[in-house]
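1. Quick one, fold the following:
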Amino acid sequence: MLPNDTRFITDEASLRALHPQPMLRATGKVLRALDEYCRRIISLSPFCVVATQGPNGADISPRGDPAGFVRVVDDLTLLLPDRVGNNRLDTMTNLLVNPWIGLLFLVPGMNETLRINGTARITDDARLLSPSAINNRAPKVGIIVTVEEALLHCAKALVRSALWDGSRHIDRSILPSYAQMLLEHVKGLTHEDNERQSQIMAERGLY
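-> Numbers count the residues shown, from 1 in each chain. Okay, the predicted model is just below:
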């Protein structure tokens, strides 16, 4: 529980007073279109984080596939295929009411990341989605992102976290399995129901 007298910052001036002025290398790096370096990072990235904002607040979702799964259509346009998942559709239902989107691209072994901010629309156009097919199965829908901002983000966060250092990875057995945690998180979910639903998800596969 927070102390009753916890201090909170409620205006930008107070926040900025606690920090040095940002340098030109930080303020001047925002691009309005993808350049060759942005394109190359996206082509090497097998994982990105997608941030959206819907009527119930902010949401964030991980997306992963073979490197280059997010396709660069042109200098202002990306296509993010939507693969088989849990069908909550949080990201896309958010986009239907608020088109703003943020993407964070990670490349294994690279500590710098790439941030993309823009707007997005959902497409089911087979002409656009067929190049994203894997195992001869194209996604049903995809997210078309119009780039407003592209910027490199420095390595500090990944250096601090040692994200790519295998010697720092946990022994997965120190946490319960995903199924065990779900049984505690989902009210009314029985072991038998979970096994049945897990089998359905397995049959759907990754693509």
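2. shouldn't N117 be in contact with I101?
-> Yes: contact criterion C-beta atoms under 8 Å: N117 and I101 qualify, at 7.4 Å. Using the backbone N, CA and C atoms, a C-beta is placed for each residue, glycine as well.
3. Show me what counts as buried in stretch 31-42.
-> L34, C38, I41, I42 (16 or more other C-beta atoms under 10 Å).
4. swap in stretch 100-119?
-> Neighbour-count burial for stretch 100-119 [16+ other C-beta under 10 Å]: 101-107, 111-118.
5. Ends of it, what's the gap?
-> 4 Å (C-alpha to C-alpha, to the nearest Å).
6. For that stretch, give me every contacting residue.
-> 38, 41-42, 44-53, 67, 70, 78, 80, 95, 99, 120, 143, 145-155, 157-159, 163-164 (C-beta atoms under 8 Å, 6 or more residues apart in numbering).
7. Among these, name the ones in helices.
-> Residues of these located in helices (DSSP state H): C38, I41, I42, L44, L95, A157, L158, V159.
8. And the pLDDT at the last one?
-> If I follow you right, that is V159. With respect to pLDDT, V159 has a value of 98.
9. quick one, phi psi at the nearest residue in space to it that is not next to it in sequence?
-> Distances taken as C-beta to C-beta, 6 or more residues apart in numbering put N111 closest to V159, at 5.5 Å, once the chain neighbours are dropped. N111 adopts backbone torsions of phi -90, psi -20, taken as degrees, to the nearest 10.
10. returning to what we had before: kindly reformat the buried residues of stretch 31-42 as TSV containing distance to T91.
-> Formatted as TSV, those follow (distance: C-beta to C-beta, whole Å):
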residue	distance to T91
L34	21
C38	22
I41	21
I42	18
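11. From D59, how far off is the most centrally placed residue in the chain?
-> The chain has V49 as the residue nearest its centroid, 1.3 Å off, counting by C-alpha atoms, centre = their mean. Between V49 and D59 the computed distance is 11 Å (C-beta to C-beta, to the nearest Å).
12. And for T77?
-> On the measure of C-beta to C-beta, T77 and D59 end up 23 Å apart.
13. In the ones in helices among the contacts of stretch 100-119, find the pair that's most separated.
-> Spanning the widest gap among these are L95 and V159, at 32.8 Å by C-beta to C-beta.
14. Which residue of these two possesses the greater neighbour count?
-> Neighbours per residue, other C-beta atoms under 10 Å: of L95 and V159, the larger number sits with L95, 22 against 13.
15. Hmm, the more buried one is touching T123, no?
-> No: taking C-beta under 8 Å as the definition, L95 is not a contact partner of T123, at 11.2 Å.
16. any residues in contact with both of those two?
-> Joint contacts of L95 and T123 (C-beta under 8 Å, 6+ apart) are I143.
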